[in-house]
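> Got a sequence here, can you model it:
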Amino acid sequence: MKKIVLIEDDADLFALLKYNLEKEGYFFAGSQTGKGAIDLCRRERPDLIILDIMLPDSDGLEICKAIRSHPELANIPVIFLTARATETDRIVGLELGANDYIVKPFFVRELIARIKIQFRSQGQPARSLKAGSLELDRNACRVYLAGEELTLTATEFRLLEFLMSRPGVVFSREQLLNAVWGHDRAVTDRTVDVYVLRLRQKVERDPANPHSIRSVRGFGYSFNDGAGATADTAAEGAGSPG
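Residues are numbered from 1 along each chain as shown. Next comes the predicted model:
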C-alpha cells in the first residue's frame with residue numbers, strides 16, 4: 001500500500017484529505033506545520049508528498065528544495081497544493097522540482113487522479129524482496145528462508161511484505177492494523193503482537209532473539225534495515241530458489 005505525507009496548515013482541508021486518501025486505500029501521515037517536515041518525511045519514507053506552499057512557519061518552496069537535495073528523499077514525487085495561482089508561481093514550483101502543481105480550490109477527485117498518475121509513472125514494484133537468506137516472492141505469494149519454502153497464512157504474508165518493503169521504518173500497531181487488516185476490521189492491537197510472534201517463529205533463526213522483525217519499545221515494530229534487504233527486479237531471474 002502506498003504511503004502519502006501531507007503538509008497542509010488548513011485544519012479542515014487536512015482532515016478532508018486524510019479521510020479521502022485513507023478511503024482510497026493509501027497509508028497516511030502528515031503535519032499542519034512546515035517545521036520538522038524533512039524529519040517527518042525521513043521517518044515515514046512516503047511514496048509521495050503533498051505540500052502546501054504558504055505554511056504558517058515555513059516556505060513550502062524551501063521545503064521542496066530541501067527534499068530534492070536530500071539523498072533519502074530526492075526521488076519522492078512532490079505535488080504542490082497551493083492558493084498561488086499565477087503562471088510564474090507554477091513555473092517556479094515546477095522548476096524547484098515539484099512533479100505537479102494544483103491550485104486551490106480544487107476537486108478532491110482530481111487530486112487523487114493526479115496522485116495515481118504519479119504512481120503509474122513509478123512503474124511496477126519489484127517482484128521479490130530479499131533480506132539476507134529471507135526472500136519474499138510477491139507474484140507467487142511465497143516466502144523462502146535459505147532456499148526452503150515457508151508456510152505462511154495470507155495475513156502473515158501481507159504483514160511480512162509490508163514490513164520488508166519499508167525497512168527501517170517503525171510502525172505502530174494501529175498503523176499495521178490499518179495497512180494489513182484494513183479499516184473494516186474487528187481485531188485489536190493485540191492481534192499484531194500475535195502475528196508478529198507467529199512470523200518470528202517462521203522467519204527468524206532464533207525467534208527468542210529476533211534479528212529481522214524487531215520491537216521498538218513504546219512504538220511498535222520495524223523490519224531491520226541492517227538485515228541486508230534488497231529488491232530484485234523481475235528481470236533478475238526466478239523468484240523461487242532452486
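
> CA only for contacts and neighbour counts going forward, please
OK.

> gap between the one helix or strand Phe162 maps to and the chain center?
When elements are assigned from DSSP states H and E, Phe162 belongs to helix 154-164. Using C-alpha atoms, centre = their mean, to the nearest Å, the mean C-alpha position of helix 154-164 is found 14 Å from that of the whole chain.

> Show me what the helix or strand following it packs onto, helices and strands only.
Next along the chain after helix 154-164, taking DSSP H and E as the criterion, comes strand 171-172. Judged by 3 or more C-alpha pairs under 8 Å, 6 or more residues apart in numbering; DSSP states H and E, strand 171-172 is in contact with strand 220-223.

> Averaged pLDDT, the strand it packs on. What do you get?
Per-region confidence: strand 220-223 scores 89 on mean pLDDT.

> Centre of the chain to that strand, how far?
On the basis of C-alpha atoms, centre = their mean, strand 220-223 is displaced by 14 Å from the centre of the chain it belongs to.

> give me the low-pLDDT residue ranges for the chain?
For the chain, the stretches with pLDDT under 70 are 122-126, 182-185, 225-242.

> quick revisit: tabulate the CA atom coordinates of the helix holding Phe162 in PDB.
Below are the C-alpha coordinates for helix 154-164, written out as PDB (Å, rounded to 0.1, in the frame of the first residue of the first chain):
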ATOM      1  CA  ALA A 154      -2.300 -14.800   3.700                       C
ATOM      2  CA  THR A 155      -2.300 -12.300   6.600                       C
ATOM      3  CA  GLU A 156       1.200 -13.300   7.700                       C
ATOM      4  CA  PHE A 157       2.400 -12.800   4.100                       C
ATOM      5  CA  ARG A 158       0.800  -9.400   3.800                       C
ATOM      6  CA  LEU A 159       2.300  -8.300   7.100                       C
ATOM      7  CA  LEU A 160       5.800  -9.600   6.200                       C
ATOM      8  CA  GLU A 161       5.600  -7.900   2.700                       C
ATOM      9  CA  PHE A 162       4.500  -4.600   4.300                       C
ATOM     10  CA  LEU A 163       7.400  -4.600   6.700                       C
ATOM     11  CA  MET A 164      10.100  -5.900   4.300                       C
END
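
> What count of nearby residues applies to the nearest residue to Asp47 once chain neighbours are set aside?
In space, and not counting its chain neighbours, Asp47 is closest to Lys3: 5.3 Å by C-alpha to C-alpha, 6 or more residues apart in numbering. Residues lying near Lys3 (other C-alpha atoms under 10 Å) number 18.

> same thing with Asp52?
30.

> next one: phi and psi at it?
phi -80, psi 150 (degrees, to the nearest 10).
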